[in-house]
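Engineer: Fold the following.
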Amino acid sequence: MAPPPPPTSLSFSSSSSTPSFQAQWLFFSNSRWVPLDNQSHSKLERTLQLGGVFVDIQDSHFPDVHRIRVFPGADYLSYLGIRYRISRVLLPAL
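Structural biologist: Predicted coordinates:
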């Protein structure tokens with residue numbers, strides 16, 4: 001039986017002096033990086049951990065559709081037939 005997947009927050013050490021990290025997902029639009037909604041982050045992390053190819057999410061930045069398809073392993077999302085580059089950034093957890 002396989003061990004359970006790690007949590008969304010990544011810890012690189014159990015000691016309190018070493019910081020843990022949290023993943024944040026951004027997409028590139030209009031010459032700037034924009035963070036996806038918080039509920040999207042956990043879905044994207046889970047998809048990567050399970051080895052999935054894509055996941056459908058709802059995000060306030062794309063109001064014209066009910067869902068957008070995101071390919072976290074290939075670093076892009078598809079919205080109305082247009083590909084947007086995405087990036088995963090590790091931030092220190094406070």
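
Engineer: CA atoms for contacts and neighbours, from now on please.
Structural biologist: Will do.

Engineer: was I right about Val70 contacting Tyr76?
Structural biologist: Yes. Counting by C-alpha atoms under 8 Å, Val70 does reach Tyr76; the two are 6.2 Å apart.

Engineer: more neighbours, the two?
Structural biologist: Neighbour totals were compared for Val70 and Tyr76, and Val70 leads with 25 against 19 (other C-alpha atoms under 10 Å).

Engineer: Quick check: Arg46 is in a helix.
Structural biologist: Yes. Assessed with DSSP: H, G, I helix; E, B strand; the rest coil, Arg46 lies in a helix.

Engineer: So what's the residue count around it?
Structural biologist: Using other C-alpha under 10 Å, Arg46 has 16 other residues around it.

Engineer: That one and Pro63, how far apart?
Structural biologist: Relative to Pro63, Arg46 is positioned 23 Å away (C-alpha to C-alpha, to the nearest Å).

Engineer: Repeat that for Gly73.
Structural biologist: 24 Å.

Engineer: swap in Asp37?
Structural biologist: 12 Å.

Engineer: neighbour-wise, which of Gly73 and Pro63 wins?
Structural biologist: Higher neighbour count among Gly73 and Pro63: Gly73, with 15 against 10, using other C-alpha under 10 Å.
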